[in-house]
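Asker: Here is the input, now give the coordinates:
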Amino acid sequence: MTSTINTHLWYPWILPGHKGREIGDTQVIQHIIRMTIPSKKPCRLLDTDGANTDRLYEAVRYNPQVQGTGLLQKPAAATADKTPIDREQQIALIATDILQYRAAPEFDVIYLFESLARMQAHTRKSILQYCRMLLKPGGRIVTAAAGNDPNAALQTDDIKKTMLAAGLYTICCRRLTGTLQLVTAQRPLPRNGEFNF
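Answerer: Residues are numbered from 1 along each chain as shown. Predicted coordinates for the structure are as follows:
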């Protein structure tokens, strides 16, 4: 199977006034949601950093057909504006680690932000392979990495190579804020009736 890496910077996607913004800023979260979640069709979302539920709730606000699951290593750490009470049944918060979470390949999008950056480089491939098995064929893993910062814990070139090694394809990088880039990779679609693990 041929892999594709798309490293262009798609400037219309750059967040206005991006300098100095962090991945947890509300405007950055909204921007990530608009870039990665369909606006009008059903979508299953897994956020491996569910302790900050802002992304899940923002995804449901953006698209009411989103079904979100957040993984909490510390359940008491859940922090978010949970004003859409009627939408709470669309979001499940589960106290577990990504490697202990068991589910069928059902997710359209998996967010791996803080958890992937905290991991040591040699464990990232196995985490990405496991997350790949949780995706529907054609589903995407989304993370963020530093483009030109040699001191960053997660660098764009390294994560692109790791994603390829984990069997993910159609890797796309888009500038998000400052040196921070949004990196997405897709689980391949099956060919000729074969099922892709």
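
Asker: what about stretch 138-153, distance to the chain center?
Answerer: 10 Å (Cα atoms, centre = their mean, to the nearest Å).

Asker: What lies in contact with the longest helix that the chain contains?
Answerer: In the chain, assigned by DSSP state H, the helix with the most residues is helix 121-134. Contacts to helix 121-134, defined as Cβ atoms under 8 Å, 6 or more residues apart in numbering, come from residues 46, 48, 98-99, 101, 103, 105-107, 110, 112, 115-116, 119, 141, 158-159, 162-163, 165-168, 185, 187, 197. C-beta here means a position set from N, CA and C on the backbone, and glycine is covered the same way.

Asker: Can you say which of those residues are buried?
Answerer: Neighbour-count burial (16 or more other Cβ atoms under 10 Å) is assigned, among those, to 46, 48, 98, 107, 110, 112, 115-116, 119, 141, 159, 162-163, 166-168, 185, 187.

Asker: Only the buried residues of whichever helix or strand comes after the longest helix of the chain, if you could.
Answerer: The element immediately downstream of helix 121-134 (helix or strand, assigned by DSSP states H and E) is strand 135-146. For strand 135-146, the neighbour count (16+ other Cβ under 10 Å) marks L135, G139, R140, I141, V142, T143, A144, A145, A146 as buried.

Asker: which one among these gets closest to G70?
Answerer: Closest approach between the buried residues of strand 135-146 and G70, by Cβ to Cβ: V142, at 14.4 Å.

Asker: Any idea what that closest one is bridged to?
Answerer: Beta-bridge pairing of V142 under DSSP bridges involves Y111, T184.

Asker: who's in contact with it?
Answerer: Here V142 is in contact with I32, T36, V109, I110, Y111, L112, F113, L182, V183, T184 (criterion: Cβ under 8 Å, 6+ apart).

Asker: which of those residues has the most neighbours?
Answerer: Tallying neighbours with other Cβ atoms under 10 Å puts Y111 at the head of those, with 29 neighbours.

Asker: Roughly how far does that one sit from D97?
Answerer: Using Cβ to Cβ, to the nearest Å, Y111 is found at 15 Å from D97.

Asker: per-residue pLDDT, P38?
Answerer: For P38, the pLDDT comes out at 94.

Asker: meant to ask about S3, not that
Answerer: pLDDT at S3 comes out at 41.

Asker: what residues are up against the residue most central in space within the chain?
Answerer: When Cα atoms, centre = their mean is applied to the chain, the residue found nearest the centroid is Y111 (2.1 Å). Contacts of Y111 were listed using Cβ under 8 Å, 6+ apart, and they are T36, L45, L46, D47, T48, D49, R55, V142, T143.

Asker: related to what we said a few turns ago, where strands are concerned, which of the buried ones among the contacts of helix 121-134 count?
Answerer: Here DSSP state E is the test, and the buried ones among the contacts of helix 121-134 give L46, F107, I110, I141, A185 as lying in strands.

Asker: isn't the third one right next to I141, touching?
Answerer: Yes - taking Cβ atoms under 8 Å as the contact criterion, I110 and I141 are neighbours in contact, 5.0 Å apart.

Asker: Which neighbours do those two have in common?
Answerer: With Cβ under 8 Å, 6+ apart, I110 and I141 have common neighbours C131, L135.
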